[in-house]
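Student: Kindly generate the corresponding structure for this input.
(2 chains)
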Number of protein chains: 2
Amino acid sequence: MRVAILLYDGFTALDAVGPHEMLCRVPDTRVTMVAREAGPVRTDTGELSLVAERAMRDVHRADVLLVPGGGQRGTEAMMRDADAHAWIRRIHRRSVWTTSVCTGSLILGAAGLLRGLPATTYWASRPYLKDVGAVYTPGRFVETGKIITAAGVSAGMDMGLHLVSRLTDDKVAQAMQLAVEYDPDPPYDTGSPEKADAATRALALKLLADAAR
Amino acid sequence: MRVAILLYDGFTALDAVGPHEMLCRVPDTRVTMVAREAGPVRTDTGELSLVAERAMRDVHRADVLLVPGGGQRGTEAMMRDADAHAWIRRIHRRSVWTTSVCTGSLILGAAGLLRGLPATTYWASRPYLKDVGAVYTPGRFVETGKIITAAGVSAGMDMGLHLVSRLTDDKVAQAMQLAVEYDPDPPYDTGSPEKADAATRALALKLLADAAR
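Tutor: Reported below is the predicted structural model:
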């Protein structure tokens, strides 16, 4: 089983690494980071680089495609990147699963994959799903046909586990949850806009905007 | 505020990236990946590399030190690495917080930082804490003085949020939880050995061992 995770300038590290951690120990599976060019790719805050092992033009097929989200600048650039869209469509044509985390769904949408389909995305980006023809649908992840879109950043871990169950079975997915000791117990309960007050929502957006500068 | 995350051959990607994602947007904070040499560092499954921006010898101070865990081979090599231990002790001397995720606590312990102290680690490695003089204590993370050790892999996210609250305040930490949409909802509830049956525990260890080959 081949998994391709598409990196691009300004992607969010955890969007890629959360699902990677769930998928990289699935038996007979190889996870490959792919980007426009092979080599280091910077994340949205500019402080961290992950290495893409392969260039898009050298990857012709993947059983699972995963497109992470990114900061506003990175996501918008990918929403205008016709080469990336052509590659995404080519991989999607023969994929078993085509998936996204966070604003990665806007990139799948810009590539034309979500027209008329239910999907989710980062909480603050929900209004933009309709601009790419998708129908915002609540959920940590939304599955429609062979496309699965996850909500923001850390939701990629929940989707990743679900994907493991789809690629194998419940037993392997349950063991994978234990393998990464995914027994979440955050000290607060403000992880969705429905659970956070207006001041927390405003501060979250400010932290994101300041860090992107 | 300077955060240094120590990468080494065979570290676990999510151990480093989970806390990184929580910390990299804290106001006036810079997170730097550090390793023996600057450049790409391979994770435990060998499929992914993160780039270390600085070499240990060039980093003399950090307000927060974080040591991620790794696969068995990577962790054991770091438990024998006297140069790394000397660097860890030097940074720890003036740090505000010294932290670990997963088997990173065994590395802190091997460096002599945990003698007689309560600590946690990866679920399957709990018996080894006593070998470095620490006292296994249950918890997603365990705080003692200025040292915080987290449980396995994904526990670094819970510890990361807690650390944000210690570095700033509850309001910023709550906003950070929303910024990464950390509203976990895994499809199973087998994320700790207490919640998983014997077959799931055995399969988790087999998946880890097979992927490390």
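Student: show me where chain A has strands.
Tutor: Applying DSSP state E to chain A gives strands spanning A:2-6, A:30-35, A:39-42, A:49-52, A:54-55, A:64-67, A:97-100, A:118-119, A:135-136, A:141-144, A:147-150.
Student: Can I get these in a markdown table including distance to B:Arg2 and mean neighbour count?
Tutor: Just so you know, the C-beta spots here come from the backbone N, C-alpha and C atoms, and that holds for glycine as well. Listed next are those as a markdown table, based on distance: least, CB to CB, whole Å; neighbours: other CB atoms under 10 Å in any protein chain shown:
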| stretch | distance to B:Arg2 | mean neighbour count |
| --- | --- | --- |
| strand A:2-6 | 29 | 24 |
| strand A:30-35 | 28 | 21 |
| strand A:39-42 | 19 | 18 |
| strand A:49-52 | 18 | 22 |
| strand A:54-55 | 34 | 14 |
| strand A:64-67 | 32 | 28 |
| strand A:97-100 | 33 | 26 |
| strand A:118-119 | 39 | 22 |
| strand A:135-136 | 40 | 16 |
| strand A:141-144 | 36 | 19 |
| strand A:147-150 | 32 | 28 |
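Student: With mean pLDDT and distance to B:Asp15 as extra columns, can I get those strands in JSON lines?
Tutor: Below are the strands of chain A laid out as JSON lines (pLDDT from 0 to 100; distance: least, CB to CB, whole Å):
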{"stretch": "strand A:2-6", "mean pLDDT": "98", "distance to B:Asp15": "18"}
{"stretch": "strand A:30-35", "mean pLDDT": "98", "distance to B:Asp15": "17"}
{"stretch": "strand A:39-42", "mean pLDDT": "98", "distance to B:Asp15": "20"}
{"stretch": "strand A:49-52", "mean pLDDT": "98", "distance to B:Asp15": "15"}
{"stretch": "strand A:54-55", "mean pLDDT": "98", "distance to B:Asp15": "25"}
{"stretch": "strand A:64-67", "mean pLDDT": "98", "distance to B:Asp15": "20"}
{"stretch": "strand A:97-100", "mean pLDDT": "98", "distance to B:Asp15": "23"}
{"stretch": "strand A:118-119", "mean pLDDT": "98", "distance to B:Asp15": "30"}
{"stretch": "strand A:135-136", "mean pLDDT": "98", "distance to B:Asp15": "33"}
{"stretch": "strand A:141-144", "mean pLDDT": "98", "distance to B:Asp15": "23"}
{"stretch": "strand A:147-150", "mean pLDDT": "98", "distance to B:Asp15": "21"}
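Student: Columns distance to chain B on top of those, output as CSV?
Tutor: Formatted as CSV, these follow (distance: least, CB to the nearest CB, whole Å):
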stretch, distance to chain B
strand A:2-6, 9
strand A:30-35, 5
strand A:39-42, 5
strand A:49-52, 4
strand A:54-55, 11
strand A:64-67, 13
strand A:97-100, 14
strand A:118-119, 15
strand A:135-136, 14
strand A:141-144, 9
strand A:147-150, 9
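Student: how about JSON lines for those, with distance to B:Met159 added?
Tutor: JSON lines is the format used below for the strands of chain A (distance: least, CB to CB, whole Å):
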{"stretch": "strand A:2-6", "distance to B:Met159": "25"}
{"stretch": "strand A:30-35", "distance to B:Met159": "25"}
{"stretch": "strand A:39-42", "distance to B:Met159": "25"}
{"stretch": "strand A:49-52", "distance to B:Met159": "22"}
{"stretch": "strand A:54-55", "distance to B:Met159": "33"}
{"stretch": "strand A:64-67", "distance to B:Met159": "26"}
{"stretch": "strand A:97-100", "distance to B:Met159": "28"}
{"stretch": "strand A:118-119", "distance to B:Met159": "32"}
{"stretch": "strand A:135-136", "distance to B:Met159": "32"}
{"stretch": "strand A:141-144", "distance to B:Met159": "25"}
{"stretch": "strand A:147-150", "distance to B:Met159": "23"}
